[in-house]
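Engineer: Just need the structure, nothing else, for what follows:
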Amino acid sequence: MDWMIVADSSCEIRELKNPAPGVSFALAPFKIRVGEREYVDLPTLNVPQMLQAMNEYNGASTSACPSPEEWAEYFLQADQVLAFTISSNLSGSYNAAMAARDMVLEDHPEKKIFVLDTLSCSGALGDAAELANTLIGEGQKFEDICFALQKFAETTHILFALASFDNLVKNGRVSKVVGFIAGKLNMRVLGRRTAEGKIDFYFKTRGETRVLARILEQMDEDHYDGVHPVMISECANQTAARLLEHGIHTKWPEAPVRILPCSGLCSFYAQDQGLIITY
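Structural biologist: Here you go, the predicted structure:
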């Protein structure tokens with residue numbers, strides 16, 4: 001029986017390396033609307049161009065998740081399907097995927113389709129997809145794989161380190177006064193995932209060095225074991241990503257760390273110079 005691993009495009013990995021026999025991988029793209037322009041979050045998306053358009057546009061930019069029909073196209077392509085979505089408290093992607101699941105199973109009750117609300121985004125989806133591929137390669141049963149993926153999602157941590165307040169102001173997350181002062185003071189803000197899959201902006205400081213140090217402190221508080229994969233997604237900020245990687249390896253020398261550029265949707269959240277860290 002063949003397998004489909006599909007994630008919405010909040011997933012940072014653009015392809016699945018070394019897929020197990022019978023495994024296909026796909027991305028269901030988000031769309032980012034900036035004024036009259038729509039950017040489809042495919043691997044071909046020019047993210048710097050999109051970010052420039054967001055910075056130049058005076059209004060709020062918006063995103064649209066894959067439709068149930070788009071999800072259903074992927075669900076029809078395999079007998080066993082594992083689907084991963086951004087947190088249901090950040091987007092309607094999970095609800096759309098569940099609607100697609102019901103539609104497909106009504107006509108094809110023999111299929112097995114599992115949709116996982118990762119309660120996160122970015123590296124959490126990529127790591128889940130790679131874990132699924134590994135478990136399939138080991139010959140594990142569909143139900144056991146679903147259970148393992150659910151436990152994985154519950155224990156994954158995610159941090160958002162933001163350097164730009166422009167889009168937070170435009171989308172009403174902070175006031176214009178706060179955004180102006182934060183920019184002038186070179187402020188950085190750190191957010192983390194709540195148990196419900198929301199973002200809690202809980203720490204702010206001046207300068208990038210301090211926020212990177214706070215990330216390492218937070219990983220320590222979360223009892224990071226130095227073994228779990230770490231993914232650093234950077235939005236036009238390779239320098240900070242490399243500094244953070246160095247700091248992680250200083251504390252946990254054997255930690256597997258990957259640095260990837262943010263996808264279009266994750267750039268929408270992280271903003272210019274931002275980082276998203278999953279572990």
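Engineer: What segments of the stretch 101-250 of the chain are strands?
Structural biologist: Under the criterion DSSP state E, counting those that start in this stretch, the stretch 101-250 of the chain carries strands at the ranges 112-117, 158-162, 187-193, 199-206, 230-234.
Engineer: Buried ones in the longest one, by neighbour count?
Structural biologist: Of the residues in strand 199-206, those scored as buried under the neighbour-count criterion (16 or more other CB atoms under 10 Å) are 199, 203, 204, 205. Heads up, the C-betas are built off the backbone N, CA and C, glycines and all.
Engineer: in its sheet, what does it sit against?
Structural biologist: Sheet pairing for strand 199-206, assigned by DSSP bridges, gives strand 187-193 (antiparallel).
Engineer: I'd guessed residue 226 sits against residue 250; true?
Structural biologist: No - contact criterion CB atoms under 8 Å: residue 226 and residue 250 do not qualify, at 11.3 Å.
Engineer: When these two are compared, which one has more neighbours?
Structural biologist: Remark: of residue 226 and residue 250, residue 226 carries more neighbours, 15 against 9, as counted by other CB atoms under 10 Å.
Engineer: Now do the residue nearest to that one when sequence neighbours are not counted: how many residues are near it, please.
Structural biologist: Once flanking residues are discounted, residue 226 sits nearest to residue 252: 3.4 Å by CB to CB, 6 or more residues apart in numbering. Residue 252 has 20 neighbours, counted by other CB under 10 Å.
Engineer: and residue 252, how far is that from residue 210?
Structural biologist: 20 Å (CB to CB, to the nearest Å).
Engineer: Just tell me which of the strands of the stretch 101-250 of the chain ends up closest to residue 97.
Structural biologist: Closest approach to residue 97 among those is made by strand 112-117 (4.6 Å; CB to CB).
Engineer: list the helices and strands the closest one packs on?
Structural biologist: Strand 112-117 is packed against strand 80-85, helix 93-107, helix 142-155, with contacts defined by 3 or more CB pairs under 8 Å, 6 or more residues apart in numbering; DSSP states H and E.
Engineer: hang on, the earlier thing: format the strands of the stretch 101-250 of the chain as CSV; extra columns: mean pLDDT and distance to residue 97.
Structural biologist: Formatted as CSV, the strands of the stretch 101-250 of the chain follow (pLDDT from 0 to 100; distance: least, CB to CB, whole Å):
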stretch, mean pLDDT, distance to residue 97
strand 112-117, 98, 5
strand 158-162, 94, 20
strand 187-193, 89, 19
strand 199-206, 89, 21
strand 230-234, 97, 22
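Engineer: Dump these into JSON lines; add distance to residue 133 as well.
Structural biologist: Formatted as JSON lines, the strands of the stretch 101-250 of the chain follow (distance: least, CB to CB, whole Å):
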{"stretch": "strand 112-117", "distance to residue 133": "14"}
{"stretch": "strand 158-162", "distance to residue 133": "21"}
{"stretch": "strand 187-193", "distance to residue 133": "24"}
{"stretch": "strand 199-206", "distance to residue 133": "28"}
{"stretch": "strand 230-234", "distance to residue 133": "16"}
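Engineer: before we move on, the earlier item: deepest of the helices and strands packed on strand 112-117, which one?
Structural biologist: Among the helices and strands packed on strand 112-117, ranked by average contacts under mean count of other CB atoms under 10 Å, first place goes to strand 80-85 (a mean of 26).
Engineer: Where does pLDDT dip in the chain?
Structural biologist: The chain contains residues with pLDDT under 70 at 1, 164-186.
Engineer: coming back round to it: mind checking which of the strands of the stretch 101-250 of the chain is nearest residue 13?
Structural biologist: Short answer: strand 230-234, nearest of those by CB to CB, at 8.7 Å.
Engineer: got the angle for that closest one vs strand 158-162?
Structural biologist: 30 degrees (axes from the mean of the first three to the mean of the last three CA atoms, to 10 degrees).
Engineer: Contacts for strand 230-234 next, please.
Structural biologist: 12, 122-123, 126-127, 224, 240-241, 244-245, 248, 255-263, 266, 270, 274-279 (CB atoms under 8 Å, 6 or more residues apart in numbering).
Engineer: Cool, thanks, signing off.
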